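A.B. asks: below is the sequence, then the predicted model.
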Amino acid sequence: MSSPESSPQSNGAGNSPVAGQHRRAQLAAIGALVLLFFLFWFGLSMVANDPVGLVISFVSVFLIVFSAWIVLIRKSLLRFLVLPLAFVAVQVLITYGYDQKYQLLVLIPMLVAFGFASRYAMRKQGTSAHTTHRHARAATPARNGVLIINPRSGGGKAERFNLLEEASKRSVEPIVLELGDDLTQLATRAVSRGADVIGMAGGDGSQALVATVAMDHDVAHVCIPSGTRNHFALDLGLDRNDVVGALDAFTDGVERRIDLARLNDRVFVNNASLGVYARVVQSDAYREAKLGTWKRMLPEMVGGEATECGLQFEAPNERDWCDAALVIVSNNPYQMRRFRGMGSRPLLDSGRLGIFAARLSSAGGAAKLVTLGIVGAHRRFGGVLQWSSLEFEVQSEAPVSVGLDGEALVLVPPLRFVSLPGALRIRVPRHARGASPAAAAVPLTRRNLGALVRIAAGKPVQPPTQRHLD
């Protein structure tokens, strides 16, 4: 018989932080299930009270987005004929919202509370497929950390956030990228001088170049989000507004391995785009006026000319896909099925390329694709393919315009894409969320609903196995 001192109950195991965490997860799961029941009940009551109004409201949302894109991508004055339709759709939405104002005042807070409770329960139990700092381990502080800073990136973020001084405070050597400097050579020289962790403060294109050097020499890489959009930082789970906080990865970080991808001899961290997007990026005006450039060029490219890009590739169960107006190849697949997290990647270590291809034969087709994409229903658009693969090849009879992590290139085909699984050691601060918007989302699937039920019942739940988009 165990003595009182050695008894699990008496030594505090029952009151351990882990046990408390499980209890909180159980209470959150119970709360989420109760909220789900009432959400279902409220939803049925709204449908029963005004089924026609509910359908018309969804149609109105579609018409508003569709009309906005028609106005954007057409040039003729006829495009303004859709404005009365959009105005009517807005009025319908306002009327429906007013008629259902009391239900909506209850439904919306309940929906938000359900989202928070279900995510809390799943994460505390470790049942989410994309838990914070997935596969990460604590990293020792950098002995010889180096940070390369692009002072022009992001409109001068490096100077605004005083990155030189902040890096020095953390015993990290700052190196400023001057005009005419070769970034790859700077990074290689830093590693040859003994840098064990190398960071880049700049945009995604610069991140890819430094990540290539880090991969080749097997040193850890740190991403500092001082670029304009910082998509790579977003998918790493960094707070893109906390530029200085990202420096803590050098001194108090966690490390894991993530994938990179290669296009011919160039490595990229985010994606390569071919077709419409790449041709817009090639414009000299794109850097200074992105939205204006899209508005000016898109009407010229969407239509008959959009099918003349001559991109040829093989796709699963498809033939003769040689008229795609848009092809995006990403380092790991993007989440495109749900509104929450759309356009970010749930995983950076799946070892797969994400491939998205679309035909855009007319301005109306482009508007329809964008409208369906907003609600995650782009697969209902007949001219869309999406799958994942270890490698992918594109042929063309002429040089191809490519937007590679936002950088404009013109490459000679064939274009060979390949995933590089686990190629990069990446460090992020311990305090960072460590999950992209797509990874942080907990969709209401049958599997997750079953997990919530098991958590509420106090039963163990196994993390779901990773699945690929095939």
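C.D. replies: On my side now, so go ahead.
A.B. asks: all strands for the stretch 301-450 of the chain, in order.
C.D. replies: 326-331, 353-358, 384-389, 391-394, 400-404, 407-411, 415-429 (DSSP state E, counting those that start in this stretch).
A.B. asks: out of these, which one sits most buried?
C.D. replies: Comparing the strands of the stretch 301-450 of the chain by mean neighbour count (mean count of other CB atoms under 10 Å), strand 326-331 ranks first with a mean of 25. From N, CA and C alone the C-beta is placed, and that goes for glycine too.
A.B. asks: show me what it is packed against.
C.D. replies: strand 253-263, strand 271-275, helix 276-281, strand 353-358 (3 or more CB pairs under 8 Å, 6 or more residues apart in numbering; DSSP states H and E).
A.B. asks: pick the most deeply packed of those.
C.D. replies: strand 271-275 (a mean of 25).
A.B. asks: just want the most central residue of the protein.
C.D. replies: Ser344 (1.1 Å; CA atoms, centre = their mean).
A.B. asks: which ones are touching it?
C.D. replies: His231, Leu234, Asp235, Tyr334, Gln335, Ser436, Pro437, Ala438, Ala439 (CB atoms under 8 Å, 6 or more residues apart in numbering).
A.B. asks: and the longest helix seen in the chain, what's buried?
C.D. replies: For the chain, the helix with the greatest residue count under DSSP state H is helix 17-49. For helix 17-49, the buried set under the neighbour-count rule, 16 or more other CB atoms under 10 Å, comprises 22, 25-26, 28-33, 35-36, 39, 42, 46.
A.B. asks: just give me the least confident of these.
C.D. replies: Among the buried residues of helix 17-49, Met46 carries the lowest pLDDT, at 75.
A.B. asks: quick one, what contacts that residue?
C.D. replies: So Met46 contacts Leu54, Gln100, Gln103, Leu107 (CB under 8 Å, 6+ apart).
A.B. asks: now, of those, which are buried?
C.D. replies: Leu54, Gln100, Gln103, Leu107.
A.B. asks: nearest to Arg257 among the buried residues of helix 17-49?
C.D. replies: Ala25 (28.5 Å; CB to CB).
A.B. asks: my guess is the closest one contacts Ser118, does it?
C.D. replies: No - with contact defined as CB atoms under 8 Å, Ala25 does not count as touching Ser118 (10.5 Å).
A.B. asks: can you show me the helices along the protein?
C.D. replies: 17-49, 51-73, 83-99, 101-124, 157-160, 163-169, 183-192, 204-217, 231-236, 276-281, 290-301, 363-374, 437-440, 446-456.
A.B. asks: hey, C-alpha coordinates of the third one in PDB?
C.D. replies: The C-alpha coordinates for helix 83-99 follow below in PDB (Å, rounded to 0.1, in the frame of the first residue of the first chain):
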ATOM      1  CA  LEU A  83     -24.800  49.900 -59.300                       C
ATOM      2  CA  PRO A  84     -28.600  50.100 -59.000                       C
ATOM      3  CA  LEU A  85     -28.600  46.300 -58.500                       C
ATOM      4  CA  ALA A  86     -26.000  46.600 -55.700                       C
ATOM      5  CA  PHE A  87     -27.900  49.500 -54.100                       C
ATOM      6  CA  VAL A  88     -31.100  47.300 -54.000                       C
ATOM      7  CA  ALA A  89     -29.000  44.400 -52.500                       C
ATOM      8  CA  VAL A  90     -27.700  46.700 -49.800                       C
ATOM      9  CA  GLN A  91     -31.300  47.800 -49.000                       C
ATOM     10  CA  VAL A  92     -32.400  44.200 -48.800                       C
ATOM     11  CA  LEU A  93     -29.700  43.400 -46.300                       C
ATOM     12  CA  ILE A  94     -30.500  46.400 -44.200                       C
ATOM     13  CA  THR A  95     -34.200  45.500 -44.200                       C
ATOM     14  CA  TYR A  96     -33.500  41.900 -43.300                       C
ATOM     15  CA  GLY A  97     -31.100  42.900 -40.500                       C
ATOM     16  CA  TYR A  98     -33.700  45.300 -39.100                       C
ATOM     17  CA  ASP A  99     -36.500  42.700 -39.200                       C
END
